[in-house]
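Trainee: curious how this folds, go ahead:
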Amino acid sequence: MTEHAAPAAVSHDTTLHVRDHCLCLHAQRAARALGRRFDEALRPVGLTNGQFSLLMALNRPEPPPMGPIAALLAMDRTTLTAAVKPLSRRGLVAVLPDPRDRRGRRLALTEAGRDLLARALPIWVETHAAVEAGLAGIDVDALRQGLKMLS
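Mentor: Residues are numbered from 1 along each chain as shown. Alright, predicted model coming up:
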C-alpha cells in the first residue's frame with residue numbers, strides 16, 4: 001500500500017489569477033447581471049428575462065415542438081416544462097398535442113401571450129440598447145459571436 005502525499009495548497013496568487021482570467025466565472029457574473037437588469041426592466045409587464053426569451057422563442061408561424069425550444073434556450077426538456085407551467089397558468093402559452101407524434105407536445109403563444117410579448121418588446125429594445133451603449137469601445141458583434149461559439 002502506498003501513501004499519497006497531501007496535495008500542495010493552492011497559492012493566493014493562483015486564486016487571484018483564476019478570479020481574473022476564468023471565462024466561466026466572468027460569463028456567469030455577466031449573465032446574472034444582465035438577467036437582473038432585464039428582470040427589473042420587464043417587471044412592469046410581469047415577465048422575467050427568461051420568460052421573455054421563452055415567449056420570443058415561441059413567436060413562430062407554427063407551434064414548435066418542445067425539443068427545439070429547449071435546445072434554443074439551452075435547457076433540458078424538464079426545465080422547459082417547469083418554465084412553461086406558470087406561463088400556461090397565466091394563459092400566455094398553450095401546450096398542444098403534436099399531431100405527428102401523440103407522445104410529443106408543441107408550444108403555442110396564445111393571443112394573450114402575443115399581446116404581452118408586443119408590450120414587452122419595446123422594453124427589451126430600450127434595455128438592450130442601453131446595455132450595448134454601456135459597452136462603448138467593445139465590438140458587440142464580436143462579443144455576440146464569441147458567446148455563440150461557446151454554446
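
Trainee: averaged pLDDT, the lengthiest strand in the chain. What do you get?
Mentor: In the chain, taking DSSP state E as the definition, the longest strand is strand 101-109. For strand 101-109, mean pLDDT rounds to 91.

Trainee: could you pull out the helices for the protein?
Mentor: Applying DSSP state H to the chain gives helices spanning 12-21, 23-42, 49-57, 66-72, 77-89, 111-133, 140-150.

Trainee: for the spatially closest residue to residue 150 that is not a sequence neighbour, grab the count of nearby residues.
Mentor: Of all residues not flanking residue 150 in the chain, residue 27 sits nearest, at 7.3 Å (CB to CB, 6 or more residues apart in numbering). All C-beta atoms are positioned from the backbone trio N, CA, C, and that covers glycine. Around residue 27 there are 12 other residues, counting by other CB atoms under 10 Å.

Trainee: now swap in residue 93 and tell me
Mentor: Counted with other CB under 10 Å, residues neighbouring residue 93 total 24.

Trainee: now do residue 84
Mentor: Counted with other CB under 10 Å, residue 84 comes out at 21.

Trainee: what sits against it?
Mentor: Shown in contact with residue 84 (CB atoms under 8 Å, 6 or more residues apart in numbering): 54, 93, 95, 107.
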